[in-house]
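> Sequence and predicted structure below; questions after.
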Amino acid sequence: MITGQLKSKIDKLWEEFWTGGITNPLTVIEQITFLMYARMLDMNEQADEKRFARTKKPFTRRFNDNEQHLRWQNLRHLGAEELYKVVKDELFPYFSKANDDESTEGAIFNEFMKDAQLMIQKQSLLVKAVEMVNDLPLENSDTKGDLYEYLLSKLTTAGINGQFRTPRHIIRAMVEMMDPDKNSRICDPSTGTGGFLSVSYEYLLEKYTSPEGVEREPLFDIDGKPLLDINGKQLENVLYSGDLIGEDARKHIDTDMFHGFDFDATMLRVAAMNLVMHGIKQPDIHYQDTLSQSFLEKFPNEAKSGMEIILANPPFKGSLDEEDVCPELLRKVKTKKTELLFVALIERMLRVGGRSATIVPDGVLFGSSKAHQQLRQLLVDNNQLEAVLSLPSGVFKPYAGVSTAILIFTKGGTTDHVWFYDVQADGFSLDDKRTPIKDNDLPDLVAQFKARDKAVAETEANDKTQKAFWVSKEDIISNKYDLSINRYKEVVYEEEQYDPPKEILGKLVSLENEILADLKELEAML
């Protein structure tokens, strides 16, 4: 959570870009990301300089003697014309050079900052953007992640680019069900803005913070009035220090816990900055089409049996050229459909015993093609399909009304029963406005998932008229591996009682007579 005053600053910065002619929300975020990156480079350089003055321990300089004018503290004082010239002709080319060093920043951005371009055309806009980015509290590590999340939330209110961003409350529920620990290796093969990875990190901080390490501060709007939730309770910013994370675990979190891949360089820049702003020093983010053969060749440890947890919301639409798809995936499921190939990819990427929570369109659950059945058979016969969680069709509105579900499975073993849950409300209206409401099944979903007991699967307690129930493997196989919840959920119909037809007819005649009497009375008055 961030304060109303800080939100106001970001909103104002957004409006400046909009009025300055940059209306693509993804481009706005990318340009702000570049400026934040430039400022953070200088902030880290200053921190190293102060440490050197104290300890005399040498460090790798980010700016040599001829590049001091590119440091943020010097840039922001330039006049409009000179600022624009230096940023366009020197700072952005410097980003490519900075990737060659061994600093943390170089390690993170080495694959996609080299193509950075200044899209701001107006000198006045650049001056305002620099001033506003300079006012953002990037020094506060507890605020940076929330700040960037609020910036990313603009994607959901600014057109079709919102498809890149899975609702955070849905992600949070998936992360809670996966329950990662400080030694996990977590991956998203279609990273987008890095939401699954950043929320996983937030969950870990919360999980590994002692009661003494929690700080709470009430939130107020720009006028000083308390910010309230839908129930009238004052919102507060809860800060988790992660004080129970040891040095070795911290190193693993910073360098080898979070792995992300995408073939959109712009999204990768945004995702990398998102994770850095949350406090992860060197997230493993790469430009890569994970469905291609080159993924297996370039990243053998990640592409095959290397991951413990995979969280994903892969692309729902589109078909690929079979020549571009890894042959090993096609042996698992012969198709061109990306939504099927991604599930097969995730199954391959998991180590034995590794788990995945993946959002899929409902068509994956009941599609009748050979490829659809082949994929579902792979999950049921060769792995342990744990749960199918049906989501309401409006969770991705206003961008898509497609019905979706979350598949949770463990690699290896076999399936005997599958747990189903019918999510009917997620805390927001299911129309295009998606306004907050009180009805929310997600807390119950997470609680029931963690407490589910397979022992009830063959008993009377397994009531298929309820939101949650079990289905046996035999039933699934007999239905051609259909995994749609409507195939197995039992609907109870209440019998309606009606009056006998003669009695109804008598009431109609009586009513008709009353009407005629009123008409005759009216006629007499005339």
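Sure, I can see it.

> Give the full set of residues in contact with Glu323.
Glu323 makes no contacts at all, as judged by C-beta atoms under 8 Å, 6 or more residues apart in numbering. The way it works is simple: take the backbone N, C-alpha and C, and place the C-beta from them, glycine included.

> now the strands for the stretch 251-400 of the chain?
Listed in chain order, the strands found in the stretch 251-400 of the chain under DSSP state E, counting those that start in this stretch are 258-262, 284-287, 307-312, 350-361, 383-390.

> what mean pLDDT does the longest one have?
The average of the pLDDT scores along strand 350-361 is 96.

> ditto for the shortest one
The average pLDDT for strand 284-287 rounds to 90.

> if we can go back for a sec, need the strands of the stretch 251-400 of the chain in JSON lines (columns: mean neighbour count and distance to Thr209).
Shown next, in JSON lines, are those (neighbours: other C-beta atoms under 10 Å; distance: least, C-beta to C-beta, whole Å):
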{"stretch": "strand 258-262", "mean neighbour count": "25", "distance to Thr209": "19"}
{"stretch": "strand 284-287", "mean neighbour count": "21", "distance to Thr209": "24"}
{"stretch": "strand 307-312", "mean neighbour count": "24", "distance to Thr209": "20"}
{"stretch": "strand 350-361", "mean neighbour count": "20", "distance to Thr209": "23"}
{"stretch": "strand 383-390", "mean neighbour count": "22", "distance to Thr209": "28"}
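
> Would you mind saying which of those lies nearest Lys473?
strand 383-390 (8.7 Å; C-beta to C-beta).

> Run the chain-centre distance for whichever helix or strand comes after the closest one.
Counting by DSSP states H and E, the next helix or strand C-terminal to strand 383-390 is strand 404-411. Chain-centre distance of strand 404-411: 16 Å, with C-alpha atoms, centre = their mean, to the nearest Å.

> Also stretch 181-195?
10 Å.

> Likewise for stretch 215-233?
Relative to the centre of its chain, stretch 215-233 is centred 25 Å away, using C-alpha atoms, centre = their mean.

> and if you look at stretch 257-265?
That offset, for stretch 257-265, works out to 13 Å (C-alpha atoms, centre = their mean).

> Tell me which residues are up against that stretch.
112, 115, 184-192, 194, 197, 200-201, 268, 271, 275, 280, 283-290, 295, 299, 302, 307.

> Can I have the buried ones of those as a PyMOL selection?
Of these, the buried ones can be selected in PyMOL as follows, counting by 16 or more other C-beta atoms under 10 Å:
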select buried, resi 112+184+185+186+187+188+189+190+191+192+194+197+200+201+268+271+275+280+283+284+285+286+288+289+290+295+299+302+307
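
> Scan the helices and strands of the chain for the one with the lowest mean pLDDT.
Ranking every helix and strand in the chain by mean pLDDT, DSSP states H and E puts helix 104-109 at the bottom, with a mean of 51.

> max-length helix in this structure?
helix 25-55 (DSSP state H).

> Looking at that one now, give me its mean pLDDT.
For helix 25-55, the per-residue pLDDT averages 87.

> next SSE after it?
Taking DSSP H and E, what comes next after helix 25-55 is helix 72-75.

> Okay, buried residues for stretch 115-135 please.
With the criterion 16+ other C-beta under 10 Å, stretch 115-135 contains buried residues Ala116, Ile120, Lys122, Gln123, Leu125, Leu126, Val127, Lys128, Ala129, Val130, Met132, Val133.

> Extract the CA atoms of that stretch and return them as PDB.
Listed next in PDB are the C-alpha coordinates belonging to stretch 115-135 (Å, rounded to 0.1, in the frame of the first residue of the first chain):
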ATOM      1  CA  ASP A 115      17.900  -1.800 -27.000                       C
ATOM      2  CA  ALA A 116      16.600   1.000 -24.800                       C
ATOM      3  CA  GLN A 117      15.300   4.000 -26.700                       C
ATOM      4  CA  LEU A 118      14.100   7.400 -25.500                       C
ATOM      5  CA  MET A 119      10.500   7.700 -26.800                       C
ATOM      6  CA  ILE A 120       9.900  11.200 -25.200                       C
ATOM      7  CA  GLN A 121       9.900  13.700 -28.000                       C
ATOM      8  CA  LYS A 122       9.200  16.900 -26.000                       C
ATOM      9  CA  GLN A 123      12.000  18.500 -23.900                       C
ATOM     10  CA  SER A 124       9.500  20.000 -21.500                       C
ATOM     11  CA  LEU A 125       8.000  16.500 -20.800                       C
ATOM     12  CA  LEU A 126      11.500  15.100 -20.100                       C
ATOM     13  CA  VAL A 127      12.200  17.900 -17.600                       C
ATOM     14  CA  LYS A 128       8.900  17.200 -15.800                       C
ATOM     15  CA  ALA A 129       9.500  13.400 -15.800                       C
ATOM     16  CA  VAL A 130      13.000  13.800 -14.400                       C
ATOM     17  CA  GLU A 131      11.700  16.100 -11.600                       C
ATOM     18  CA  MET A 132       8.900  13.800 -10.700                       C
ATOM     19  CA  VAL A 133      11.000  10.600 -10.700                       C
ATOM     20  CA  ASN A 134      13.500  12.500  -8.500                       C
ATOM     21  CA  ASP A 135      10.700  13.000  -6.000                       C
END
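
> How about residues contacting it?
So stretch 115-135 is contacted by 9, 12-13, 16-17, 20-22, 27, 30-32, 34-36, 39, 72, 75-76, 80-81, 83-84, 87-88, 92, 95-96, 265, 269 (C-beta under 8 Å, 6+ apart).

> Among the residues you listed, name the buried ones.
By 16+ other C-beta under 10 Å, the contacts of stretch 115-135 give 9, 13, 16-17, 20, 22, 30-32, 34-36, 39, 72, 75-76, 83-84, 87-88, 92, 95, 265, 269 as buried.

> shaky segments in the stretch 101-250 of the chain?
The stretch 101-250 of the chain contains residues with pLDDT under 70 at 101-114, 140-142, 156-165, 221-223.

> And the strands in it, which stretches?
186-188, 214-218, 236-240.

> elements contacting the shortest one?
Spelled out, it's strand 186-188. helix 195-207, strand 258-262, strand 307-312 (3 or more C-beta pairs under 8 Å, 6 or more residues apart in numbering; DSSP states H and E).

> ok so, going back, make TSV out of the strands of the stretch 101-250 of the chain and add distance to Ser484.
Formatted as TSV, these follow (distance: least, C-beta to C-beta, whole Å):
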stretch	distance to Ser484
strand 186-188	25
strand 214-218	42
strand 236-240	38
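
> and these, which is most packed in?
strand 186-188 (a mean of 27; mean count of other C-beta atoms under 10 Å).

> Check what contacts that one and list those residues.
For strand 186-188, using C-beta under 8 Å, 6+ apart, the contacting residues are 180, 194, 196-197, 200, 257-261, 302, 307-312, 349.

> Give the pairing partners of that strand; include direction for each.
strand 258-262 (parallel), strand 307-312 (parallel) (DSSP bridges).

> From the centroid of the protein, which residue is nearest?
What sits nearest the mean C-alpha location of the chain, by C-alpha atoms, centre = their mean, is Gly195, with 3.5 Å.
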